[in-house]
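Engineer: One predicted model, sequence on top.
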Amino acid sequence: MKKQVAITPKEKLFNPNYTFTGNSDAILKDYPSRSRNLEQYAPYGINVKELNPKFIKDGYMYLLRGAKVGQDAGFYSKAYAKKNTIESLRLDPNLVANAQRMNGNTPFISATTDIYVAASFSNYERIYVLKIPVLDVYTFSEPEDTLFLDLMEEEYMIPDYISKEEIIQSFRYDKFKQIFNLLTKEIGLNITPEDLGEKEDINHPDMGRIEIGIYSNNSASYLDPILSIVQGTIEDMKLKEKPVSVKVEAEEENPKRQIAIFTDVHALLEPTEAILKDMKKRGITEIYSLGDNIGLGPNPREVVNLLDEYGVVTLQGNYESTLDFGVEPFLVYLTQSKINQMEWTEKQLRKDQLEKLTIAPHFINLQLANQKIALCHFANDVRCDFMLHNCFDYQRYIDYKMPAYEQFYYTNSDRQLLEIAFQLNMDVSTLPMKATKDEILRRIREHIDSHPDSFNRGQAGYLSYCKDPLFYQDGKLQTIKDYDMLIQGHTHFGSNEFDGKTSIHTLRAAGMGYRSGEENQASYMILKETNQGLETEIVTVPFDREKMEHSITHCELVNSDIKRYTKTK
């Protein structure tokens, strides 16, 4: 006979004097309303700070929340529709918070009035503008003689179930000006850009201030910054009636950090599935794709679904860029068959998938084993250098055993910026004689802002670069020399170089074999943090090649390039 355990119902969830034996399904139905009951925290020493009145109007507080694409139907409503989430709460109140943490959930999420904080939480996806009743908004301060977490002034706690009606609009993570205009011109808040945390220029956000890596590595803190308060409060409670004894195994000490990286899957489902399953077997949950997840292959929708399922953080490759701003910047490279295939690919993808692919970042900075690491699709930005300093040049240098990495010194150089200025019809003679590259970039941006209707679609790649340059951090243009390691894809073949400062790893396409014998194995890289430093490992995994070839040859629009790349007959 299965032993019954106590469940705390919605109105008594944090009441230490109450136990309940019954079916968790009844609680599940009422989870959104239960989530909105926070009064019980007042008796336990948590001070509620005043809300910022500038963001309050007509009984509602307007807040920002960074999250994934597709949350417009309500935050976490799907997560709490799973029975196992609530069944994990079959514990005495002392252990409720710990059970929630183990499932990546608590009754709270954070929202903010700082646009940079929201952008950081967005993981390079969306910022949602929320309209929350004032009575449902809390911010906690740290009382003396406690170990509770102290939130920043601009952070607030709101219930973790946000209905569709409470979401005003969502924006791409870098659309600061549009968010500001919505809050001021449409909603009517009397705020300044500085109230939103933008102390310089709302038209040109400093993307270097966005600390994505901090939040993407810890799902619990990413979802629930208030977790320490919840857990600490409950564990301080004293059960006065019969407590339920539940044994919870102690967590293992966190292992050394491991990261998996792959590139250029090009809508090939079978090799993508093989490497992701292998990562899961190894317990790797921090996964990055260097871009070109779609294009050429037969299964774009299925591949993007799979990346979402495994929580892959993806960069934008040149094929994602064609979705972002069109094929025109790449016409010197794209054949008509590739253009036709991209048009077909776009039709296969859902709206939310297209949106996610086009707002993906162009690079990500990582810090691992005291090393500064850059991830990108290709270190010569494909948005504006596709035919200059390109992958074909890189391949020739590698084949002739020449220092191919030297072509990457062009990226973010004075020469590149001047060439971009020329391509955007800017009079470079107006630049100061000894202008720094950051000053040149600033002047180009001013030129773009003052001539908003003067550019054609063929210049879209240059415009994209100027808005969000490769290796741009803390308001400054970086080069590969500013990194200890660079990891890139794009070329479809693998190679390793070292320029005396930076180790440069080029990963082969995950499901393609550039060199003989590689075509039957999918490939990815693991970065391992060890006591001795940082280790790299290239992993190869078998996959169902016969099924992949069948998908390629029976695709609605068969592409000759993917047949050639995969050596499919």
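Structural biologist: Sure thing, it's come through.

Engineer: Flag every buried residue along the helix or strand encompassing Y524.
Structural biologist: Assigned by DSSP states H and E, Y524 falls within strand 521-530. Neighbour counts using 16 or more other C-beta atoms under 10 Å place 521-529 of strand 521-530 among the buried residues. All C-beta atoms are positioned from the backbone trio N, CA, C, and that covers glycine.

Engineer: same question, stretch 321-336
Structural biologist: Within stretch 321-336, the residues that qualify as buried are 321-325, 327, 329-330, 334, counting by 16+ other C-beta under 10 Å.

Engineer: helices and strands around the helix or strand that contains E419, which ones?
Structural biologist: E419 belongs to helix 414-423 when assigned by DSSP H and E. Secondary-structure packing of helix 414-423 (3 or more C-beta pairs under 8 Å, 6 or more residues apart in numbering; DSSP states H and E): helix 437-450, helix 460-467.

Engineer: Phi, psi for the closest residue to L268 other than its chain neighbours please.
Structural biologist: Nearest residue to L268, sequence neighbours excluded (C-beta to C-beta, 6 or more residues apart in numbering): G511, at 4.0 Å. For G511, the backbone dihedrals are phi -120, psi 20 (criterion: degrees, to the nearest 10).

Engineer: still on that earlier bit, so for I162, which of the helices and strands packed on helix 414-423 sits nearest?
Structural biologist: The stretch from those with the least distance to I162 (C-beta to C-beta) is helix 460-467; that distance is 29.8 Å.

Engineer: Regarding the residue nearest the centre of the chain, what is its secondary structure?
Structural biologist: For the chain, N123 is the residue whose C-alpha lies nearest the centre (C-alpha atoms, centre = their mean; 3.0 Å). What DSSP: H, G, I helix; E, B strand; the rest coil gives for N123 is coil.

Engineer: coming back round to it: please identify the buried residues of the helix holding E419?
Structural biologist: For helix 414-423, the neighbour count (16+ other C-beta under 10 Å) marks 416-421 as buried.

Engineer: What of stretch 307-321?
Structural biologist: Those would be 307-308, 310, 312-321, for stretch 307-321 by 16+ other C-beta under 10 Å.

Engineer: burial count for G66?
Structural biologist: When neighbours are defined as other C-beta atoms under 10 Å, G66 has 26 of them.

Engineer: That one touches Y124, doesn't it?
Structural biologist: No. Using C-beta atoms under 8 Å, G66 is not in contact with Y124; the gap is 9.4 Å.

Engineer: Report the set of residues contacting both of these two.
Structural biologist: Y173 (C-beta atoms under 8 Å, 6 or more residues apart in numbering).

Engineer: if we can go back for a sec, now the angle from the helix holding E419 to helix 437-450?
Structural biologist: In terms of direction (axes from the mean of the first three to the mean of the last three C-alpha atoms, to 10 degrees), helix 414-423 departs from helix 437-450 by 10 degrees.

Engineer: okay, the angle between helix 414-423 and helix 460-467?
Structural biologist: 130 degrees.

Engineer: what are the ranges of the helices in the stretch 201-350 of the chain?
Structural biologist: Along the stretch 201-350 of the chain, the stretches classed as helices by DSSP state H, counting those that start in this stretch are 212-216, 219-223, 227-236, 269-281, 300-309, 318-325, 336-348.

Engineer: just curious, which of the buried residues of helix 414-423 is nearest to S450?
Structural biologist: Nearest member of the buried residues of helix 414-423 to S450, counting by C-beta to C-beta, is A421, at 13.4 Å.

Engineer: any idea how far the closest residue to K501 other than its chain neighbours is from E302?
Structural biologist: Leaving aside its sequence neighbours, K501 sits nearest to K481 (C-beta to C-beta, 6+ apart; 5.7 Å). To E302, K481 is 40 Å away according to C-beta to C-beta, to the nearest Å.

Engineer: In terms of neighbours, single out the busier of these two.
Structural biologist: A count of neighbours by other C-beta under 10 Å puts E302 above the other of K481 and E302, at 17 against 12.

Engineer: where does the stretch 301-450 of the chain have low pLDDT?
Structural biologist: For the stretch 301-450 of the chain, the stretches flagged by pLDDT under 70 are 387-388.

Engineer: Counting neighbours, what do you get for E546?
Structural biologist: 9.

Engineer: Assign a three-state SS to it, would you?
Structural biologist: helix.

Engineer: Please compute how far stretch 54-61 lies from its chain's middle.
Structural biologist: 30 Å (C-alpha atoms, centre = their mean, to the nearest Å).

Engineer: contact partners of it?
Structural biologist: With C-beta under 8 Å, 6+ apart as the test, stretch 54-61 has contacts from 51, 62-63, 113, 131-134, 137, 156, 187-191, 195.

Engineer: Quick check: the two most widely separated of those residues?
Structural biologist: Longest span within these, C-beta to C-beta: P133 and D195, 21.1 Å.

Engineer: For these two, indicate the residue with more neighbours.
Structural biologist: Between P133 and D195, counting by other C-beta under 10 Å, D195 is the more crowded of the two (19 against 13).

Engineer: sorry, back to before: from the contact counts, what lies against the strand holding Y524?
Structural biologist: Using 3+ C-beta pairs under 8 Å, 6+ apart, strand 521-530 is in contact with strand 258-262, helix 269-281, strand 533-542.

Engineer: angle of the second one against strand 533-542?
Structural biologist: Comparing the axes of helix 269-281 and strand 533-542 via the same axes, to 10 degrees yields an angle of 140 degrees.

Engineer: And helix 269-281, what's buried?
Structural biologist: Buried residues in helix 269-281 (16+ other C-beta under 10 Å): 269-276, 278-279.

Engineer: Output the contacting helices and strands for that helix.
Structural biologist: Using 3+ C-beta pairs under 8 Å, 6+ apart, helix 269-281 sits against strand 258-262, helix 300-309, strand 521-530, strand 533-542, helix 545-553.

Engineer: please redo it, this time with the cut-off set to 10 Å
Structural biologist: strand 258-262, strand 286-289, helix 300-309, strand 521-530, strand 533-542, helix 545-553 (3 or more C-beta pairs under 10 Å, 6 or more residues apart in numbering; DSSP states H and E).

Engineer: re the thing from before, could I get the helices and strands packed on strand 521-530 in CSV, plus columns for distance to A360?
Structural biologist: Shown next, in CSV, are those (distance: least, C-beta to C-beta, whole Å):
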stretch, distance to A360
strand 258-262, 15
helix 269-281, 16
strand 533-542, 24
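
Engineer: out of those, which comes closest to M548?
Structural biologist: Of all those, helix 269-281 comes closest under C-beta to C-beta, at 4.1 Å.
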